[in-house]
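[1] structural data only, the sequence is not supplied:
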């Protein structure tokens, strides 16, 4: 069976305007319908005309579903699933209705045009009311409403006033910052997240490093606390300042995670935390060599085994010495220098 789906996200609250967007019947899967609604969700939030909160009813979706045998030209009879309030439920509701219609037709039945509701507890749709007539809403002209004529000049003026929208922002993040399509898509998925990322990059100067921290470490923190990025306990200025200390070798990536956690707990800026906790990275070669000499002397037997081993075994054993060196320095030694000096000493 081939599926045909119309998706209609709505913003409907008493006393506020309703914007209803109706698509053409050109979607062929539940995943495609979800992608469409997500694009609409991002669009209205970028424009600032709706907060997009589906759980609270700021945006809902009506899904019209019909099936037809492959090769059949005309669409099948459609059923409308009303007021679906999450992306996950949109996909589940559509797939459930597709299967219901397939089972009905294969058993010799006939799909009746009707409005249905989706029950997430049973993962089934159930009938609300029949809509057998095309004019079931009985629309008629209202003589008190004057016609609205939208001129081309007004449309062009409106287009010119639009902010940078998700597709354009995604393309710019790729060209300007050299990000992958995936990273650019994730960061541009919401206006708040895109703005946060650009502030971090403006301070840190390293787009890839900023992208990783915003998507992974910050994303994990926000998920754990159940808050949106505009409520983040770590500001863009704080994160950008911390990333500066990674790029200038003041702290290592491992120590940065400790600093990030402290910032999230309200202990101040990265510089304040580094100073207060004494976390500044050791980059003095003489100091690192001293740490390595003491560590190698304490592991003389392993050193002999390393020097007697073949190249394949040495690769595995080298990690042991790096771990011991970082432990001895309490994580403060510059990892790059540790690797370089350690290799020289072990090979010597």
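    Looks like it came in fine. Here the structure is a predicted model, which is why all the values come from computation and not from measurement.
[2] for residue 29, the count of nearby residues, please.
    Applying other CB atoms under 10 Å, we find 15 residues neighbouring residue 29. Any C-beta I mention is one placed from the backbone N, CA and C, and that applies to glycine too.
[3] quick check: the gap between it and residue 37.
    Residue 29 sits 13 Å away from residue 37, going by CB to CB, to the nearest Å.
[4] what's the answer for residue 125, then?
    From residue 125 to residue 37 the distance is 17 Å (CB to CB).
[5] do I have it right that residue 104 meets residue 111?
    Yes: assessed by CB atoms under 8 Å, residue 104 is found in contact with residue 111 at 6.1 Å.
[6] ok, and what's touching stretch 106-114?
    Contacts to stretch 106-114, defined as CB atoms under 8 Å, 6 or more residues apart in numbering, come from residues 66-67, 76-80, 101, 104-105, 127-132.
[7] which single one of the residues you listed is nearest to residue 45?
    For these, the minimum distance to residue 45 (CB to CB) is 25.5 Å, reached by residue 80.
[8] give me the element the closest one is part of.
    Applying DSSP states H and E as the criterion places residue 80 in strand 79-84.
[9] swap in residue 147?
    Assessed by DSSP H and E, residue 147 sits outside every helix and strand.
[10] count of residues packed around residue 310?
    Per other CB under 10 Å, the neighbour tally for residue 310 reads 7.
[11] and if you look at the one 5 residues further on?
    Other residues near residue 315 number 10, with proximity taken as other CB under 10 Å.
[12] can you tell me which of the contacts of stretch 106-114 are in helices?
    Under the assignment DSSP state H, those contribute 101, 104-105 to helices.
[13] need the helices for the stretch 51-200 of the chain, in chain order.
    87-106, 152-161, 166-177, 181-187, 191-204 (DSSP state H, counting those that start in this stretch).
[14] any weak-confidence spans in the stretch 151-300 of the chain?
    Along the stretch 151-300 of the chain, segments meeting pLDDT under 70 span 282-284.
[15] quick one, what contacts the spatially most central residue of the chain?
    Taking CA atoms, centre = their mean, the centroid of the chain lies closest to residue 186, which sits 4.4 Å from it. Residue 186 sits next to residue 215 when contact means CB under 8 Å, 6+ apart.
[16] that one and residue 320: what is the separation?
    From residue 186 to residue 320 the distance is 36 Å (CB to CB).
[17] now do residue 58
    Separation of residue 58 from residue 320 (CB to CB) stands at 56 Å.
[18] these two: who's more crowded?
    Legend: neighbour count by other CB under 10 Å for residue 58 and residue 320, higher for residue 58 (19 against 13).
[19] mind listing what residue 342 touches?
    Counting by CB under 8 Å, 6+ apart, residue 342 makes contact with 292, 318, 321-322, 325.
[20] how does it look with 7 Å?
    Shown in contact with residue 342 (CB atoms under 7 Å, 6 or more residues apart in numbering): 292, 321-322, 325.
[21] closest to residue 200 out of those?
    Among the contacts of residue 342, residue 322 lies closest to residue 200 (CB to CB), at 29.7 Å.
[22] hang on, the closest one is in a strand, isn't it?
    No: per DSSP: H, G, I helix; E, B strand; the rest coil, residue 322 lies outside any strand segment and is helix.
[23] ok, now which ones touch it?
    Taking CB under 7 Å, 6+ apart, we find residue 322 in contact with 338-339, 342.
[24] any chance of those residues in a markdown table, plus secondary structure?
    As requested, the contacts of residue 322 are exported to a markdown table (three-state DSSP):
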| residue | secondary structure |
| --- | --- |
| 338 | helix |
| 339 | helix |
| 342 | helix |
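[25] in TSV, list these along with pLDDT.
    Below are the contacts of residue 322 laid out as TSV (pLDDT from 0 to 100):
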residue	pLDDT
338	78
339	81
342	79
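[26] quick check, nearest of those to residue 172?
    Using CB to CB, those come closest to residue 172 at residue 339, 36.5 Å.
[27] quickly name whichever of the contacts of residue 342 is closest to residue 219.
    Each of those was checked against residue 219 using CB to CB; the closest is residue 322, at 28.7 Å.
[28] what packs against the strand or helix carrying residue 210?
    Here residue 210, judged by DSSP H and E, is contained in helix 207-212. Of the remaining helices and strands, those touching helix 207-212 by 3 or more CB pairs under 7 Å, 6 or more residues apart in numbering; DSSP states H and E are helix 191-204, helix 236-247.
[29] same thing but 8 Å
    In this structure, helix 207-212 packs against helix 166-177, helix 181-187, helix 191-204, helix 236-247, with contacts taken as 3 or more CB pairs under 8 Å, 6 or more residues apart in numbering; DSSP states H and E.
[30] can I get these in JSON lines with distance to residue 333?
    Compiled in JSON lines, those are given as follows (distance: least, CB to CB, whole Å):
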{"stretch": "helix 166-177", "distance to residue 333": "31"}
{"stretch": "helix 181-187", "distance to residue 333": "30"}
{"stretch": "helix 191-204", "distance to residue 333": "23"}
{"stretch": "helix 236-247", "distance to residue 333": "15"}
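[31] quick one, which of these is nearest to residue 16?
    Here helix 191-204 is closest among these (CB to CB), at 20.4 Å.
[32] so for that closest one, what gets flagged as buried?
    If you call a residue buried by 16 or more other CB atoms under 10 Å, then helix 191-204 has these buried ones: 191, 193-194, 196-201, 203-204.
[33] cool, stretch 235-243 as well?
    In stretch 235-243, counting by 16+ other CB under 10 Å, buried: 236, 238-243.
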